[in-house]
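1. okay, sequence plus prediction incoming.
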Amino acid sequence: MTKTTSLRPPHLLWKRAGWAVLGLILLLALGCGLISAGDHKLPVGPELAGLATFPAAQPPQGLAFTTLQTSQSNGAAEALIVAGGRWWVHRRPVQVAVLVRHPKGQLLFDTGLGRQVDAQFAGNNLFHRQVFAYERGGRLPVADQLQRQGWPLKDIKMIVPSHMHWDHISGLPDFPDAEVWATPAEREEAGHAHAPAFLRSQFDGVKHWRELRFEGPPVLGFAHSHDVFGDGSVLLLPLGGHTAGQVGMLLSLPSGQCYLFTGDVTWAIEGFHKPADRSWLLRRILPLDHDPAANQAAIVHIHQLMKRHPGITVVPAHDENVLKSLPHFPELRN
Ligand SMILES: [Zn+2]
């Protein structure tokens, strides 16, 4: 008896493979569509009271700022970074410090990832080490970047973290003599929290805390403010929501240019333009905000502020595209 085998002609196999790939693409598109269906723009009500109140700043000659990028996340689809974003665009959030040089002192707003980040990050479990993975990409911690340019670390008199999440204060141990400014609400939250959002090893050794309270007048729709140098050039503003005591920084330069650093209210500038939160899927997988409603109110606030004051450059802490338009250390902008 002869054994027979049935072999399909090659063109039929290719046809089948083609249908399988098409089916997979359709399934993926359906999945993305279903995930995005939960994402909506945030409702924008009438303009907030006091939004027009712009501070009369008198920035001194010599005031300037720059940015120091320390690293970059592996990233994710833009649709996860911001609701309504594009699935086919890959975003790679950056970790950055902002250096303000004022005649009365120098401050860092955030620190990016510091010299000890690998040891700090090891406190996370395997899942979170994957989700929050970062890459140096040849970049150095802020302290090393400054030293390479002959910039004494002791000249950094104060550090104002936008908030105390790990990717913003990792460099605190590199500046043991600096005063670290934080609101009581932020210290309280960090004191009770844990990995992955807060890593105790980053702030347990801080020697000089300074309590940040907003006792200044209303500014741009914010009920209170804090004037760091007394000339209106560097104002700290309450932006609680993402964390209990998140802080924004409004910087007015001698040139008349004005920048508002908004921490992690959104991760991308598109969040303020639309306005929109991070994707609902991500917000369900990871508890991202201390008070989601307050953070959404902050998003709408900044959205309205940008419309009312288009001259103010708004800078979300992690937006890699906005970063491109800012000065990079050692270049300073005044
Ligand atoms: Zn962050």
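-> Noted; the coordinates are in hand. Residues are numbered from 1 along each chain as shown.
2. around the ion, pick out the residues from the protein.
-> By CB under 5 Å from the ion, the residues of the chain that approach the ion are 167, 264. C-betas here are computed from N, CA, C, even on glycine.
3. tell me where the chain is predicted with low confidence.
-> By pLDDT under 70, the weakly predicted segments of the chain are 1-7, 22, 25-38.
4. please repeat the previous calculation with a cut-off of 50.
-> 1-2 (pLDDT under 50).
5. that one: helices as residue ranges?
-> Listed in chain order, the helices of the chain (DSSP state H) span 10-37, 78-81, 117-121, 126-131, 142-148, 166-169, 184-192, 200-203, 270-273, 280-285, 292-308, 320-324.
6. in the stretch 201-334 of the chain, which residue sits closest to the ion?
-> Using CB to the ion, D264 is the residue of the stretch 201-334 of the chain that sits closest to the ion, at 4.4 Å.
7. check contacts around that residue.
-> By CB atoms under 8 Å, 6 or more residues apart in numbering, the contact set of D264 is 162-163, 165, 168, 242-243, 246, 316-318.
8. go on, E135?
-> Counting by CB under 8 Å, 6+ apart, E135 makes contact with 71-74.
9. from these, list the buried ones, please.
-> Taking 16 or more other CB atoms under 10 Å as the criterion, what is buried in the contacts of E135 is 71-73.
10. re the thing from before, which among the contacts of E135 gets closest to the ion?
-> S73 (9.3 Å).
11. quick check: closest non-adjacent residue to the closest one.
-> With CB to CB, 6 or more residues apart in numbering as the criterion, S73 has its nearest non-adjacent residue at 4.6 Å, and that residue is P93.
12. now do the buried residues in stretch 286-301.
-> Neighbour counts over stretch 286-301 (16+ other CB under 10 Å) mark 288-290, 294-296, 298-301 as buried.
13. any residues touching that stretch, and which ones?
-> Residues lying outside stretch 286-301 but in contact with it, judged by CB under 8 Å, 6+ apart, are 42-45, 48, 131, 189, 221-222, 239-244, 265-266, 271-272, 275-278, 282-283.
14. kindly recompute the last result at 7 Å.
-> When contacts are defined by CB atoms under 7 Å, 6 or more residues apart in numbering, stretch 286-301 is touched by residues 42, 44, 48, 189, 221, 239-244, 265-266, 271-272, 275, 277-278, 282.
15. quick one, strands of the stretch 201-334 of the chain?
-> For the stretch 201-334 of the chain, applying DSSP state E, counting those that start in this stretch gives strands covering 209-211, 226-227, 234-238, 247-252, 258-261, 312-315.
16. so can I have TSV of those strands showing mean neighbour count?
-> Formatted as TSV, these follow (neighbours: other CB atoms under 10 Å):
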stretch	mean neighbour count
strand 209-211	11
strand 226-227	20
strand 234-238	23
strand 247-252	24
strand 258-261	22
strand 312-315	20
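17. in JSON lines: these, plus distance to L172.
-> Shown next, in JSON lines, are the strands of the stretch 201-334 of the chain (distance: least, CB to CB, whole Å):
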{"stretch": "strand 209-211", "distance to L172": "11"}
{"stretch": "strand 226-227", "distance to L172": "20"}
{"stretch": "strand 234-238", "distance to L172": "18"}
{"stretch": "strand 247-252", "distance to L172": "15"}
{"stretch": "strand 258-261", "distance to L172": "18"}
{"stretch": "strand 312-315", "distance to L172": "21"}
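18. of the ones you listed, which is nearest K157?
-> Relative to K157, the nearest member of the strands of the stretch 201-334 of the chain by CB to CB is strand 209-211, separated by 10.5 Å.
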